[in-house]
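# here are the coordinates; sequence isn't available:
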C-alpha cells in the first residue's frame, strides 16, 4: 500500500449528496479480475455521453462537458470534495480503486458510508469527515477560485486552505499509523497469529458446530 | 451496569484482540464468497504465498454474472465467463466447505444459499464481499459486508479489523395490515431514518411485527439494513429460527444440536440494556411502499404523490429531488398510482425466497400481465427455491399470467448479466437499490414488495395491492 503523509493538491467539487458506488463505478466494470485500470471509468455514466463497456478506449469517447470532472480547470485534481453519505450502496472496492486510479488521494465529505470509508484506508487514500459548515465553505471557495488547492497534513491532522485558515480532522491511531507507513494489514494481523489460534481453539471447544 | 444487547454479546464472543484506540480483531466463523469481489483477494494471497487460514469456513458460488436463461449456451460474455471460471479455479486451489459452480442444481444467490444450506447459524460472525451480507443477521448472526482487501484479510487471517459500532434498536410494534409485507417495513424504516440514518450503527430489529415475521421476512428486513446505512442488521433467534434450521445439511446434528439450541437461547438483548438510538414504528400505520426517486429513502406509501421540490426548504435535499425527478422522468405531484411501468422484476437477495414467490403467485393467479408491459420476469433465489416453487405449481401460475420463469441468480437487481433495463425504461422491482443506472444505464427503478410488483404488472401501473 502507498504511504500517505502530506499532500498539496488541486480540489474538485462533486456537488451531490448520497453518491453511491454504482455511480462511482458502474457494474459492467466489476467484471475485471484485476485491481487496476478503473480510473478511465470513474463516474462513467456522468462523465461520458455514450455507454461504457470494459476495455473501451476512453480517450475517444464523447465527454459530458457539464460534468465537473471534465472541466479543464479541475484537470489533475487530487482532492475530492463531496457532500453527505458519500460511497453508499455496494461494498465494491472497485469504487476506491477507480477514485485512486484517477489520481485522487483525499476525499473530504460531510459524511461517508461505513464500508466505503474502510475501503479507502486499504488503498492508501485518506477520507476526511468535515462539518457541514466547513464543507459548504470549501465548495463555495473551490467553485469561485480556479486553481483552488488544499494542503493536507496527516501527521498534524490538519487541512489548510489557501487563505491560511485551517481545520483539524479525526482519524483513529491505527489507521493513521498504517497510512503514514504504508503498512500491509495482513502482515500486521499475523503478528497476532498465536492469539488467533488460541481464540479459535477455545471457540471450537465451546461451539464445535461453527466449525463444519 | 446496564445489561448487554445482542450486538454486544456477538461482538464480545468474537473479540480476539483490541488495540488501545479501540481497533479490534474479530474472529470470523463464516466467509461467503462470490465471483465479483474475490478474484483480486485470491490473487493477493497467491502473490504473498499465503494460504486460506480455514478453508472450511468458506461457502462460495457464482451469482452476479450468471445468465438466467439458455444455460445450455453457457456464459456468452467472455469477460463474465472469465470471472466465473476464475472463481472455479480459486476454489479448486484454496478450498471451501461448500461450492456450487455455475449450473449446479443448488446454485443461487449467495445470500439465499447460505441460510438454505444451514451454513448461517445464530451466534456466528458472517462476512462476504457484498454489502447485502446484512441479510444473515436475521438468524442472530453478526453479518458484515466487506471490501475486497478485507476479503483477502479474512482469507489470510480468519479475522476482520473493525471498530465496534453504536447500537440502534428499530422497534416495530402492533400488527401489519393485510397486503403489507417485510419489504414495506424495510422501506418504511429507510423512509423514516434515511439512507445515512444507520451509518455507524448495528441495527437490532425488534417488536411484535418482527417476531411475527417468518425467517424469509426477517431476511428481507436485515438485507435492507445496509440501505439504511447500517453495516449490520440483527434479529434475535427464536423458535422460528430453530425450526428453519432443523435438518438443514450443515446445521448441527445430534448432541450438538441440543447444545446449540441451549446456546442460541442466550442470544437476545437483556431487558435493562441501553441502545444509543431507538426508532419506533407502528405496524398498523405502515402501508405498501413504492420508491419514486434514485435513493431508497425517496419512498412513499402507495397513496402518495411524487414530491414537489418547491416545497423543500433544504437546498441539498431540493437539488436531490430535482435530480431524481429528472432522472426518473417524473413530474412533481403525480399520484404514485398513475406511474406506468415497462418491466417487472421479481427476484434478488431481498425478495427471491419461496415465501416471496408464494406471495407473488397469490396475486398473479388467474390474472394476465398487462399488454403494455414489455417483460415481466420471476428469478428464483436458488435452485432449491426454484424446485420447491415448481413442486407447488407456482411456475405454472406465473407462466400462465405471462411472466417469464428464469434460472436463479442476481439478475436484474444489478444487471451484470444480460438482464437489464434499456435507457428510459421503467421497472417495478423487488430488489434493493433504485440508484441511477443500477438496473441498466438510464433505467428507472421503483422498489416494491413482490405482491405490489405483480399487482403493477397486471394493471400496467402501480396499484394498491390491498384493493385487488
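Done, it's in. Keep in mind that what you see is a predicted model, and the values were worked out from it rather than measured.

# check the nearest residue to residue A:39 once chain neighbours are set aside and give its pLDDT.
Nearest residue to residue A:39, sequence neighbours excluded (C-beta to C-beta, 6 or more residues apart in numbering or on different chains): residue A:101, at 3.3 Å. Just so you know, the C-beta spots here come from the backbone N, C-alpha and C atoms, and that holds for glycine as well. Residue A:101 carries a pLDDT value of 97.

# quickly find the element holding residue A:101.
For residue A:101, the host element (DSSP states H and E) is helix A:94-102.

# so where's the stretch 151-300 of chain B shaky on pLDDT?
Within the stretch 151-300 of chain B, no range satisfies pLDDT under 70.

# flag every residue of it that's near chain A.
With C-beta under 8 Å from any C-beta of the partner chain as the criterion, the stretch 151-300 of chain B comes near chain A at residues B:152-153, B:156-159, B:161, B:163, B:195-196, B:199-200, B:229, B:231, B:250-252, B:256-257, B:259-260, B:263, B:295.

# what's the single longest helix in chain B?
helix B:78-94 (DSSP state H).

# which strands and helices sit next to it?
Under the contact definition 3 or more C-beta pairs under 8 Å, 6 or more residues apart in numbering or on different chains; DSSP states H and E, helix B:78-94 sits against helix B:39-48, strand B:58-60.

# and of the ones you listed, who's closest to residue B:189?
For residue B:189, the closest of the helices and strands packed on helix B:78-94 is strand B:58-60, at 28.3 Å, according to C-beta to C-beta.

# now the longest helix of chain B: how far from the chain's centre is it?
Remark: helix B:78-94 is offset 24 Å from the chain centroid, using C-alpha atoms, centre = their mean, to the nearest Å.

# got the contact list for it?
Contact partners of helix B:78-94, identified using C-beta atoms under 8 Å, 6 or more residues apart in numbering or on different chains, comprise A:31-33, A:54-55, B:33-36, B:38-39, B:42, B:45-46, B:51-52, B:55, B:58, B:60, B:62, B:65-66, B:74-75, B:99, B:101-102, B:155, B:416-417.

# please, where are all the strands along chain A?
A:6-13, A:79-81, A:106-109, A:126-129, A:149-153, A:158-160, A:166-168 (DSSP state E).

# which of those strands is buried the deepest?
strand A:79-81 (a mean of 26; mean count of other C-beta atoms under 10 Å in any protein chain shown).

# neighbours of residue 14, just the number please.
Since you didn't name a chain, this refers to chain A. 22 (other C-beta atoms under 10 Å in any protein chain shown).

# was after chain B, sorry
22.

# that one and residue B:24 touch, don't they?
No - using C-beta atoms under 8 Å as the test, residue B:14 is too far from residue B:24 to be in contact (9.1 Å).

# what touches both of those two?
Common neighbours of residue B:14 and residue B:24 (C-beta under 8 Å, 6+ apart) do not exist.

# need the next SSE after the helix or strand where residue B:185 lies, C-terminal direction.
Take DSSP H and E as the rule and residue B:185 turns out to sit in helix B:182-193. Under the assignment DSSP H and E, the closest C-terminal helix or strand after helix B:182-193 is strand B:201-206.

# what helices or strands is the helix or strand just after that following strand leaning on?
Reading on from strand B:201-206 to the C-terminus, the next helix or strand found by DSSP H and E is helix B:208-212. Helices and strands touching helix B:208-212, by 3+ C-beta pairs under 8 Å, 6+ apart, are strand B:166-173.

# the strand it packs on to helix B:182-193, inter-axis angle?
Taking axes from the mean of the first three to the mean of the last three C-alpha atoms, to 10 degrees, one finds strand B:166-173 and helix B:182-193 inclined to each other by 120 degrees.

# returning to what we had before: inside helices: which ones of the contacts of helix B:78-94?
B:39, B:42, B:45-46, B:155.

# okay, and the residue of the stretch 151-300 of chain B found nearest chain A sits in which element?
As assessed by C-beta to the nearest C-beta, chain A sits closest to residue B:252 within the stretch 151-300 of chain B, at 3.5 Å. Residue B:252 belongs to no helix or strand when elements are defined using DSSP H and E.

# what's the closest non-adjacent residue to it?
Going by C-beta to C-beta, 6+ apart, residue B:252 has residue A:209 as its nearest residue, at 3.5 Å.

# so the one you found makes contact with residue B:255?
No - if you go by C-beta under 8 Å, residue A:209 and residue B:255 don't touch, sitting 10.1 Å apart.

# who has more neighbours, the two?
residue A:209 (20 against 9).

# how far away is the residue of the stretch 151-300 of chain B closest to chain A from residue A:145?
In this view, residue B:252 and residue A:145 are 64 Å apart by C-beta to C-beta, to the nearest Å.

# looking at the two, which is more packed in?
The residue with more neighbours, out of residue B:252 and residue A:145, is residue B:252; 22 against 12, by other C-beta under 10 Å.

# what's the burial count for residue 1?
This is for chain A. 16.

# wrong chain, I was asking about chain B
Quick note: residue B:1 (other C-beta under 10 Å) scores 5 neighbours.
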